[in-house]
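K.L.:
need coordinates for the following:
(chains A and B)
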2 protein chains.
Amino acid sequence: MANIREIAKLAGVSPSTVSRVLNNSGYVSWETRKKVQAVMEKLDYVPNLNAVSLKKGATKLIGIAAPYLGDEINTFLGNFAQAAQEKGYNITLFLTNADPKKERDALESLRRRQIDALAVVIRANDWDTIAQYSKYGPIVTWQRVIMKEIPSVFMDQYEGYMLGLEHLHAKGYRKISNVYGNPGHLNTIGRMEAFRDFCRKYCLNEHALPHFYHKGSIRDGEEMAHWWKNTADKPDAFMAPNDRFAAGLVSEAKRLGLNVPGDFAVCGFDNTDIARLLDITTINYPIGGQARNAFSIIQNRLEGKTIPLTGLKFELIERKTT
Amino acid sequence: MANIREIAKLAGVSPSTVSRVLNNSGYVSWETRKKVQAVMEKLDYVPNLNAVSLKKGATKLIGIAAPYLGDEINTFLGNFAQAAQEKGYNITLFLTNADPKKERDALESLRRRQIDALAVVIRANDWDTIAQYSKYGPIVTWQRVIMKEIPSVFMDQYEGYMLGLEHLHAKGYRKISNVYGNPGHLNTIGRMEAFRDFCRKYCLNEHALPHFYHKGSIRDGEEMAHWWKNTADKPDAFMAPNDRFAAGLVSEAKRLGLNVPGDFAVCGFDNTDIARLLDITTINYPIGGQARNAFSIIQNRLEGKTIPLTGLKFELIERKTT
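P.N.:
Residues are numbered from 1 along each chain as shown, chains lettered A, B, ... in the order given. All right, here's what the predicted structure looks like:
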């Protein structure tokens, strides 16, 4: 392949002029630039952009590490990618399957300057391991962690969940079953704390009704409708782990001839399109705003800017299932 | 930063031994490897992986160029990324906003060997421009194109759409309105051809009822319910451009007190979760299978393999809206 010296010779300019054309830096007259580019075109010269990137210290690539794609993570990813793209960055996606070794690939990419920064949507390694890599470039996360090395765009689910519980209480529901995701996750722990405080406030027995764990899919929701039909001591309301579960529950209840909210109320979480389509009361969880804030944190650190973050809050969206 | 020569000196080995350790190639005894790695660790030496990649000719990164994220593209991307990840590849995402210049970034990345291959989900440049880059690495697309340089995993929408039309006819519907996406897209052209042939076969006047273009969102579907309510010459069935539109139409019809399929039938397209939740008749369009086939084509070309592609077909999923 041709090199800079050959191009310079054929174009009748110095190698440093060719370099200035390549790097788009310093002054080069329009005629000279055209001449150099014509020679490059003729020789089918491909600049080694990796080398250029290393020299400049910016790949304009930001990594995203996530265990899988789908649902809320897609919303986060889509908004993050859109924000990044508007500022001239592309995204490299590392699907980890929650495997620490695969997440290590993403962290090593940061260390090796193949990416400028990394958004760890949901982590696989412990935070101390991840924090060690922050010296190589900015790392942000969607999860709850308090570490100066890893800024977080986490929103405390306690607050959002409490909005739903208070709403059910105001509507007269007293026999609430909580359906949770993974009880090991901090998001779930926040929700469980909210329910405990809620019961204390209204003098309710928090163990009066069964609660459920590790639920979240449409199918889980559908199965819950059958459980409700066949159980003796029936709850009069469900706090769902997300809108998908709520949608499965509401649609299957209808198929079984049950009445929502007559037989039982359902409050979703996230405020996705599905909740709107099925008229499900839900909690608006601004995932897109969190993702855009995550990108702003990275951009601020990479470019030395001080773009302010958007203030975000949970909101109750009342529809027809409560 | 430390270089290979310094490491070699401190470890008491030759520079070529250090290089063999770095590249994981050739024989190095276990003791020597450990000694070299200890020195690297001590000096916090970061191998220049971009240079390593260039030498080996494989970045293990595959580019995906798409105009935006959301809906069907997310399904394609998720399945493609999953298949790639299982085979040790990561994904670099280029969001183009349908801007040819931004797609050119993705093509230039292929030319500059920053990615090994490129999946052009929905193109922005003309095919001839894109085809010129196929000499730098495999390019596949989801769209309909017949070019030996650009293999396509496209499925002819004519066939799938005809399944829906024949189903409506068999159910007794004769006043069908078609709601199309972009009439310039080949997918839409295939659907329009299907309707023309369908009308010819059953001696129907294809212009008897209004048809719609550039529709596809939930809101578009909601607005169509209002249109139906207020129009004089009402269709008795809608062929929707996708499940989101169908879901908007069906859910808003319900809010307006209309009866589906009593007042009008609705056939969706894609067979997404939304159609299942709302019991909408739809056409199963195996997007995930197409994405996995797209990855297999790339893997076959990159690794000289002959992994067979999965045979895919459209299927009618009959539910409660027809």
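K.L.:
do stretch A:71-85 and chain B meet?
P.N.:
Yes - counting by Cβ under 8 Å from any Cβ of the partner chain, chain B has neighbours in stretch A:71-85: A:74, A:77-78, A:81-82, A:85. Backbone N, C-alpha and C define where each C-beta goes, glycine included.
K.L.:
list just the nearest of those residues to residue B:236.
P.N.:
residue A:74 (36.3 Å; Cβ to Cβ).
K.L.:
next, the nearest residue to the closest one once chain neighbours are set aside: secondary structure please.
P.N.:
Once flanking residues are discounted, residue A:74 sits nearest to residue B:74: 5.1 Å by Cβ to Cβ, 6 or more residues apart in numbering or on different chains. Put simply, residue B:74 is helix when judged by DSSP: H, G, I helix; E, B strand; the rest coil.
K.L.:
residue B:74 contacts residue A:75, doesn't it?
P.N.:
No - shown here, residue B:74 and residue A:75 do not form a contact pair, counting by Cβ atoms under 8 Å, at 9.4 Å.
K.L.:
got the domain ranges for chain A?
P.N.:
The record, using automatic domain parsing to delimit domains, assigns chain A the ranges A:4-47, A:59-154+A:288-307, A:157-284.
K.L.:
next, residue A:313: phi, psi?
P.N.:
Backbone torsions for residue A:313, taken as degrees, to the nearest 10, come to phi -150, psi 160.
K.L.:
ditto for residue A:80
P.N.:
Dihedral angles (degrees, to the nearest 10) for residue A:80: phi -60, psi -50.
K.L.:
got a pLDDT number for it?
P.N.:
As predicted, residue A:80 sits at a pLDDT of 95.
K.L.:
do the same with residue A:53
P.N.:
50.
K.L.:
and if you look at residue A:292?
P.N.:
The model's pLDDT for residue A:292 equals 96.
K.L.:
is it true that it lies in a helix?
P.N.:
Yes - the assignment for residue A:292, made by three-state DSSP, places it in a helix.
K.L.:
contacts only, for it.
P.N.:
By Cβ atoms under 8 Å, 6 or more residues apart in numbering or on different chains, the contact set of residue A:292 is A:79-80, A:83, A:310.
K.L.:
figure out which of the domains of chain A is closest to residue B:188.
P.N.:
Closest among the domains of chain A, using Cβ to Cβ: domain A:157-284, at 22.9 Å.
K.L.:
tell me which parts of the stretch 151-300 of chain A are close to chain B?
P.N.:
A:218, A:244, A:247-248, A:251, A:255, A:273-274, A:276-279.
K.L.:
now the buried members of these.
P.N.:
Among these, those classed as buried by neighbour count (16 or more other Cβ atoms under 10 Å in any protein chain shown) are A:218, A:244, A:247-248, A:251, A:273-274, A:276-278.
K.L.:
re the thing from before, from the residues of the stretch 151-300 of chain A next to chain B, which ones fall inside helices?
P.N.:
The subset of these located in helices under the criterion DSSP state H comprises A:218, A:244, A:247-248, A:251, A:255, A:273-274, A:276-277.
K.L.:
now do the contacts for residue A:289.
P.N.:
Residue A:289 makes contact with A:79, A:310, A:312, according to Cβ under 8 Å, 6+ apart.
K.L.:
just confirm the last one is within a strand.
P.N.:
Yep, that's residue A:312 we're talking about. No - if the criterion is three-state DSSP, then residue A:312 is coil and not within a strand.
K.L.:
if we can go back for a sec, can you redo the ones in helices among the residues of the stretch 151-300 of chain A next to chain B as TSV with distance to residue A:203 and pLDDT?
P.N.:
Converted to TSV, those look like this (distance: Cβ to Cβ, whole Å; pLDDT from 0 to 100):
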residue	distance to residue A:203	pLDDT
A:218	35	95
A:244	33	94
A:247	33	98
A:248	32	98
A:251	35	97
A:255	37	95
A:273	38	90
A:274	35	93
A:276	35	95
A:277	37	95
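K.L.:
of the residues you listed, closest to residue A:107?
P.N.:
Taking Cβ to Cβ as the measure, residue A:244 is the one of these closest to residue A:107, at 30.8 Å.
K.L.:
quick one, what contacts the closest one?
P.N.:
Contacts for residue A:244 (Cβ under 8 Å, 6+ apart) come out as A:71, A:216-218, A:221, A:272, A:274, B:273.
K.L.:
would stretch A:86-101 count as contacting chain B?
P.N.:
Yes - for stretch A:86-101 and chain B, the contact criterion (Cβ under 8 Å from any Cβ) is met by A:90-95, A:97.
K.L.:
secondary structure added to the residues you listed, as TSV?
P.N.:
Putting these into TSV (three-state DSSP) gives the following:
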residue	secondary structure
A:90	strand
A:91	strand
A:92	strand
A:93	strand
A:94	strand
A:95	strand
A:97	coil
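K.L.:
next one: stretch A:301-319 to chain centre, how far?
P.N.:
13 Å (Cα atoms, centre = their mean, to the nearest Å).
K.L.:
and the closest residue to residue A:321 other than its chain neighbours, helix, strand or coil?
P.N.:
Using Cβ to Cβ, 6+ apart and skipping the chain neighbours, the partner closest in space to residue A:321 is residue A:266 (4.4 Å). Following three-state DSSP, residue A:266 is assigned to strand.
K.L.:
if I look at residue A:266, how far off is chain B?
P.N.:
In this view, residue A:266 and chain B are 13 Å apart by Cβ to the nearest Cβ, to the nearest Å.
K.L.:
just residue A:146 next, same as before
P.N.:
Residue A:146 sits 27 Å away from chain B, going by Cβ to the nearest Cβ.
K.L.:
circling back to that earlier point, buried ones among the residues of stretch A:86-101 next to chain B?
P.N.:
For these, buried by 16+ other Cβ under 10 Å: A:90-95.
K.L.:
brilliant, that's me finished.
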